[in-house]
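return atomic coordinates for the entry below.
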Amino acid sequence: MKEHYQIQTDVLAWIEGTLDANRRSVIARHLEECAGCRRYFETVSAALEPRAAKAEPLLVADPYLPVRVRAIAAGQGGRESSRHEVTLRWTWRTAALVVAMLLGIFIGESLSYRTPQITDHHIVYEYSNSFGDSGIESRWQTISLAAGEEMR
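You can find the predicted model right below:
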């Protein structure tokens, strides 16, 4: 692993031809044996070779670009009368945004959670449902009937 890293760090010196003969022969021997390092050297060499840069066409600046830009800008001069339209459009967009925000606030308040009113009967009902069909509600009624008979 360490050997692969040391070999791959010498790729620039290999391409430039600045390696001494001993190191160059060690790298050549390793590249014959190791396919991974060989692919790495081929990829980097292909990307960094000077002739690869010469194969691409040179970019040339368009000498008439400033003239065309001025012509396009001069053609926009007739649009100055539409400033009223732009102002009106932004006014309507702003008004629509404000209305949408107010509507969202109104709807949000109406959908907010309200505290349910909890009664004793509601608590007994929920408690009895937790015990299934036998329920405690029938027992509660029996207890309250018995308590009522005792008071008589």
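
quick one: secondary structure of H121?
Secondary structure state of H121, per DSSP: H, G, I helix; E, B strand; the rest coil, is helix.

count of neighbours near it?
9 (other C-beta atoms under 10 Å). In this view, the C-beta of every residue, glycine as well, is placed from N, C-alpha and C.

which stretches of this structure form helices?
With DSSP state H as the criterion, the chain has helices at 2-9, 11-16, 21-33, 35-48, 50-55, 65-75, 83-110, 120-129, 137-151.

buried set for the third one?
By neighbour count, with 16 or more other C-beta atoms under 10 Å as the criterion, the buried positions of helix 21-33 are 26-27, 30-31.

can you check the second one too?
Applying a neighbour-count criterion of 16+ other C-beta under 10 Å, the buried positions in helix 11-16 are 11, 14-15.

can you list the helices of the chain in CSV and add mean pLDDT?
Shown next, in CSV, are the helices of the chain (pLDDT from 0 to 100):
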stretch, mean pLDDT
helix 2-9, 74
helix 11-16, 77
helix 21-33, 86
helix 35-48, 82
helix 50-55, 57
helix 65-75, 86
helix 83-110, 89
helix 120-129, 70
helix 137-151, 63
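
let me know which of those helices is tucked in deepest.
Across the helices of the chain, averaging neighbours per residue (mean count of other C-beta atoms under 10 Å) puts helix 11-16 on top, at a mean of 14.

on contacts alone, who are the packing partners of it?
helix 35-48 (3 or more C-beta pairs under 8 Å, 6 or more residues apart in numbering; DSSP states H and E).

swap in 10 Å and give it another go.
helix 21-33, helix 35-48 (3 or more C-beta pairs under 10 Å, 6 or more residues apart in numbering; DSSP states H and E).

quickly list the domain ranges of this protein.
2-55, 120-151 (automatic domain parsing).

please determine how far C37 is located from S25.
Distance, C37 to S25, by C-beta to C-beta, to the nearest Å: 15 Å.

what's the answer for T9, then?
T9 is 17 Å from S25, by C-beta to C-beta.

repeat that for V60.
Counting by C-beta to C-beta, the gap from V60 to S25 is 45 Å.

reformat the buried residues of helix 21-33 as TSV; add distance to A74.
Shown next, in TSV, are the buried residues of helix 21-33 (distance: C-beta to C-beta, whole Å):
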residue	distance to A74
V26	68
I27	63
H30	66
L31	62
